[in-house]
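Engineer: the following comprises the amino acid sequence and a computationally predicted model.
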Amino acid sequence: MAARVFSVEFRSAIAQRILNGESVLDLATEFKIKRSILYRWRDAYRLAGKDGFRKTRGRPRGSTTQVKTKPGMTGADRRIAELERRIGRLSMENDFLARAFKRVKEARSKNSASGEARCTEK
């Protein structure tokens, strides 16, 4: 099923109806639109009016990182740059998870002062 595209006027009209007190559940049922989307429309309209529905600048959600091409850059060079960027991102995630794991481990050791083994520990 293809994604439906709603006009700015339609979204602003729905947001106004919500702000005027109409039930989000009723509107969701009437137009067959998820409530979370209607709440997002309401919030965007509250913040910026109709301008809250204008397309934002930047890369679309879900797209992959594009490497800027330089003159003389080959396909292999672009692939290497993309992989280096990915390694950097994964390294940051790994460092974050290692620190989080360390904190959890320290918190567990502080909580088990009685010396008894917990059911989650083996």
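Structural biologist: In hand now; what should we look at?
Engineer: burial check on E93, number of neighbours?
Structural biologist: Number of residues near E93 (other CB atoms under 10 Å) recorded here: 10. C-beta coordinates here come from the backbone N, C-alpha and C atoms, glycine included.
Engineer: hang on, I meant F53
Structural biologist: 18.
Engineer: so for it, what's the nearest residue that isn't a sequence neighbour?
Structural biologist: Spatial nearest neighbour of F53, excluding adjacent residues (CB to CB, 6 or more residues apart in numbering): V8 at 4.5 Å.
Engineer: surely the one you found meets G49?
Structural biologist: No - counting by CB atoms under 8 Å, V8 sits too far from G49 to count as a contact (10.2 Å).
Engineer: flag every buried residue along whichever strand or helix holds K105.
Structural biologist: Using DSSP states H and E, K105 maps to helix 75-111. Going by neighbour count (16 or more other CB atoms under 10 Å), the buried part of helix 75-111 is A81.
Engineer: with stretch 42-49 instead?
Structural biologist: For stretch 42-49, burial by neighbour count (16+ other CB under 10 Å) applies to 42, 44-45.
Engineer: just curious, which of these is nearest to S12?
Structural biologist: Y45 (5.9 Å; CB to CB).
Engineer: spell out the secondary structure type for that closest one.
Structural biologist: helix (DSSP: H, G, I helix; E, B strand; the rest coil).
Engineer: ok so, going back, tell me which of the buried residues of stretch 42-49 is nearest to E30?
Structural biologist: R42 (15.4 Å).
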